[in-house]
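In: Fold the following for me, if possible:
(one chain, ligands or ions: 1)
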Amino acid sequence: NRRRDWQWKLAHELTDRFDVLYFETLNLKGMQRLWGRKIGDLALAEFLSILEWVAAKKSKRVVYIDQWFPSSKTCSECGYVLNELKLKERQWSCPSCSTEHDRDLNAALNIKSVGASTDSLGDVRQSQTAIAV
Ligand SMILES: [Zn+2]
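Out: I've put the predicted structure just below:
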């Protein structure tokens with residue numbers, strides 16, 4: 001119950017702050033196999049269905065991008081794509097433009113720009129506001 005209450009509060013907070021929310025359609029079954037219970041406890045799928053419901057009520061939008069887009073391995077500055085980025089690597093430096101990336105922030109910026117461009121909002125890469133789940 002406590003988790004569900006938190007999910008509803010977070011859904012309201014996010015939809016109050018943002019008009020459009022972008023997410024990767026993650027392979028949850030695959031992640032659960034890799035990381036065990038942890039990801040199951042997050043109940044991301046449950047949260048997303050609550051978020052979609054709240055967003056619809058407030059005329060906000062939840063947009064999903066292709067789960068196969070390499071959001072973590074793509075440089076959000078220049079578009080260079082790494083061949084490999086291990087899960088434990090939380091920071092990386094782009095071999096093309098030398099930008100230092102935080103793995104999650106870089107992925108969030110990529111998800112936002114891919115989501116926005118597929119959502120006809122244009123290129124929003126210059127904006128520093130990003131969220132990730
Ligand atoms: Zn780069």
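In: OK, contacts around Ser96?
Out: By Cβ atoms under 8 Å, 6 or more residues apart in numbering, the residues touching Ser96 are Cys75, Cys78, Tyr80. Glycine gets a C-beta too; all of them are placed from N, C-alpha and C.
In: Tell me where the model's unsure across the chain.
Out: Applying pLDDT under 70 to the chain flags residues 26-42, 120-133.
In: who in it is up against the ion?
Out: When proximity is defined by Cβ under 5 Å from the ion, the chain lies next to the ion at Cys75, Glu77, Cys78, Tyr80, Cys94, Ser96, Cys97, Thr99.
In: Going through these, which ones are buried?
Out: Neighbour-count burial (16 or more other Cβ atoms under 10 Å) applied to these gives Cys75, Cys94.
In: Follow the chain on from the helix or strand harbouring Trp92 and name the next helix or strand.
Out: Using DSSP states H and E, Trp92 sits in strand 91-93. For strand 91-93, the following helix or strand on the C-terminal side (DSSP H and E) is strand 100-102.
In: Touching that following strand from outside, list them.
Out: Against strand 100-102 from outside (Cβ under 8 Å, 6+ apart): Cys75, Ser76, Arg90, Gln91, Trp92, Ser93, Cys94.
In: for stretch 44-64, same thing?
Out: Stretch 44-64 has contacts (Cβ under 8 Å, 6+ apart) with 4, 7-8, 10-12, 14-16, 18-26, 28, 115, 118-119, 133.
In: Render the CA-only coordinates of that stretch in CSV, please.
Out: Taking C-alpha atoms only, stretch 44-64 is exported to CSV below (Å, rounded to 0.1, in the frame of the first residue of the first chain):
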residue,chain,number,x,y,z
LEU,A,44,7.9,0.0,-13.0
ALA,A,45,5.1,-1.5,-15.2
GLU,A,46,2.6,-0.9,-12.4
PHE,A,47,3.8,2.7,-12.0
LEU,A,48,3.6,3.4,-15.7
SER,A,49,0.0,2.3,-15.9
ILE,A,50,-0.9,4.6,-13.0
LEU,A,51,1.1,7.4,-14.6
GLU,A,52,-0.7,6.9,-18.0
TRP,A,53,-4.0,7.1,-16.2
VAL,A,54,-3.2,10.3,-14.3
ALA,A,55,-1.6,11.9,-17.4
ALA,A,56,-4.8,11.1,-19.5
LYS,A,57,-6.9,12.8,-16.8
LYS,A,58,-4.8,15.9,-16.9
SER,A,59,-4.5,15.9,-20.7
LYS,A,60,-0.7,15.3,-20.4
ARG,A,61,1.1,12.7,-22.5
VAL,A,62,3.3,9.7,-21.9
VAL,A,63,5.4,8.8,-24.9
TYR,A,64,7.5,5.6,-25.3
